[in-house]
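Asks: take a look and give me a structure for this.
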Amino acid sequence: MRNQLHVSLVVFPECDPSIVFGVFDTLWAAGRDFSDKEDKPIFIPRIVSISKQAMELVTGVSIVPQDCIDEVNRTDIVFVPNVIVKSAADLKALDRRLLDWIKTMHAGGAALYAACGGSLVLAEAGLLEGEQATTHWSYAPLFKQQYPGVTLHVERLIVQSGDGHSVVCSGGASSWQDLALLLVAKFAGTAEAIRLSKLFLYQWHRDGQLPYASMLQNVKHGDAAIEGAQQWIAANYHKADVVGGLVRQCRLPKRTFDRRFRTATGYSPLAYIQALRIEEAKQLLETTSIAVEAIGREVGYEDAASFRRLFRRLAGIGPAEYRRKLQPPRMIREIDPPAASVSAGS
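Replies: You can find the predicted model right below:
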């Protein structure tokens, strides 16, 4: 029998409990048959923090760590769950003792796995500098601002980096399931990962997190001219030659306008308009039964093929696939029926 692997789930007060307990239960179940056969557990998961005292997490739920970091001199794997943060100040407020402990464990040979906002923890600890990573799509602006030395692939669900892929990050929310199953597959085999996926009804998020991502805008950039342009786009994005109309409306030289727009929003004017159109298309796909071609026309694309290509490029999947994946099941729609009779252009 292989040696069991010690997995330390390091918990900050900023963590939310769902990922902590979800990962714990998944790893605890690896190798356990739940029948009359002898269990052969693969992992020994332990919840680790500053002390063993009950800790109130950001959602108000309390958790009792099993181990104190002062008692853990080595571990095979450090798993960093999500942290809920809003600003650079929140990142600086993360407990330095826990950050230092993670660094010490990694220096001693522990592999690092970070789910969702857990990659922010690794970045704040300096463990991702010069490396590649991913995180929850909503954290992308904060991540890029604070850690420019990290190559962020927000479109990808899982990114492996470091020597021997010893640092692994996953994207948004439920991608912790993919990350936990990857860990199981690495150390217990693919068959065990598949067994657990069926046991827990986990789904492999093969499409990445682009289908779930919303348009990210820097709405507090302070450039009044660009804010006015954004308001104009919101009212006119579906019209023909919207870029030309935007430049004329803004009354700035085009090169100056393009530069200021990109600085303020992170998008070129055309990319911003395309992203806004696709966001509106997503909403219509989620909440109505309007035909895909009609939705394309509604948001400004007369050519259905062009609309589908752009949608797939920005969302990672086609519009029909998006509708199947994101539109709620019938029992939910019947509570608040979608606007099935709404026609394009109404």
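Asks: which residues of this protein score low on pLDDT?
Replies: 1-2, 35-36, 206-220, 331-346 (pLDDT under 70).
Asks: ok, now with 50
Replies: 1, 340-346 (pLDDT under 50).
Asks: so which residues of the protein form strands?
Replies: 5-10, 43-49, 55-56, 62-63, 67-68, 77-80, 111-114, 132-133, 151-152, 158-161, 167-170 (DSSP state E).
Asks: which elements pack onto the second one?
Replies: Here strand 43-49 is seen to pack against strand 5-10, helix 17-29, strand 67-68 when contacts are counted using 3 or more C-beta pairs under 8 Å, 6 or more residues apart in numbering; DSSP states H and E. No exception for glycine: its C-beta is placed from N, CA and C like everyone else's.
Asks: out of those, which one sits most buried?
Replies: Mean neighbours per residue, mean count of other C-beta atoms under 10 Å, is largest over the helices and strands packed on strand 43-49 for strand 5-10, with a mean of 25.
Asks: centre of the chain versus that one, how much separation?
Replies: 22 Å (C-alpha atoms, centre = their mean, to the nearest Å).
Asks: can you pull out the residues in contact with it?
Replies: 20, 23-24, 27, 42-49, 67, 69, 72, 74-81, 98, 101-102, 105, 110, 183, 187 (C-beta atoms under 8 Å, 6 or more residues apart in numbering).
Asks: give me the buried entries from the residues you listed.
Replies: 20, 23-24, 27, 42-43, 45-49, 67, 69, 72, 75-81, 98, 101-102, 105, 110, 183, 187 (16 or more other C-beta atoms under 10 Å).
Asks: doesn't A125 make contact with Y147?
Replies: No. In this structure Y147 lies outside contact range of A125 using C-beta atoms under 8 Å: 10.7 Å.
Asks: list the residues that contact D76.
Replies: Counting by C-beta under 8 Å, 6+ apart, the residues that D76 touches are L5, H6, V7, A110, A111.
Asks: so which of those residues comes closest to Q231?
Replies: Nearest to Q231 among the contacts of D76: A111, at 48.0 Å, using C-beta to C-beta.
Asks: count the residues that sit near the closest one.
Replies: Here the number of neighbours of A111 (other C-beta atoms under 10 Å) works out to 22.
Asks: from now on call the first residue 713
Replies: Okay, residue one is now 713; in that scheme the one you just asked about reads as A823.
Asks: give the contact list for it.
Replies: D788, I789, V790, S878, V879, V880.
Asks: I'd like to know how far the first one sits from E904.
Replies: D788 sits 17 Å away from E904, going by C-beta to C-beta, to the nearest Å.
Asks: what of the fourth one?
Replies: Per C-beta to C-beta, S878 is found 21 Å from E904.
Asks: nearest to L913, out of the strands of the chain?
Replies: strand 879-882 (18.4 Å).
Asks: ok now the closest one, how far from the chain's centre?
Replies: 12 Å.
Asks: so which of the helices and strands packed on strand 755-761 is nearest F1023?
Replies: helix 729-741 (30.3 Å).
Asks: and the closest one, what does it pack against?
Replies: Contacting helix 729-741 under the criterion 3+ C-beta pairs under 8 Å, 6+ apart are the following elements: strand 717-722, strand 755-761, helix 888-900, helix 902-912.
Asks: I'd like the ones you listed written out as TSV, with distance to V797 added.
Replies: Converted to TSV, the helices and strands packed on helix 729-741 look like this (distance: least, C-beta to C-beta, whole Å):
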stretch	distance to V797
strand 717-722	16
strand 755-761	17
helix 888-900	17
helix 902-912	28
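Asks: out of these, the one nearest V959 is which?
Replies: Once the helices and strands packed on helix 729-741 are compared by C-beta to C-beta, helix 888-900 is nearest, at 43.3 Å.
Asks: how about that closest one: buried residues?
Replies: Buried, per 16+ other C-beta under 10 Å, within helix 888-900: W888, Q889, D890, L891, A892, L893, L894, L895, V896, A897, F899, A900.
Asks: likewise stretch 875-885?
Replies: Neighbour count says stretch 875-885 has V879, V880, C881, S882, G883, G884, A885 buried, by 16+ other C-beta under 10 Å.
Asks: and it, how far out from the chain middle?
Replies: On C-alpha atoms, centre = their mean, the centre of stretch 875-885 falls 12 Å from the chain's centre.
Asks: hmm, who's touching it?
Replies: So stretch 875-885 is contacted by 794, 818, 823-828, 830-831, 834, 839-840, 843, 845-850, 866, 868-873, 888, 890-891, 894-895, 920-921, 924-925 (C-beta under 8 Å, 6+ apart).
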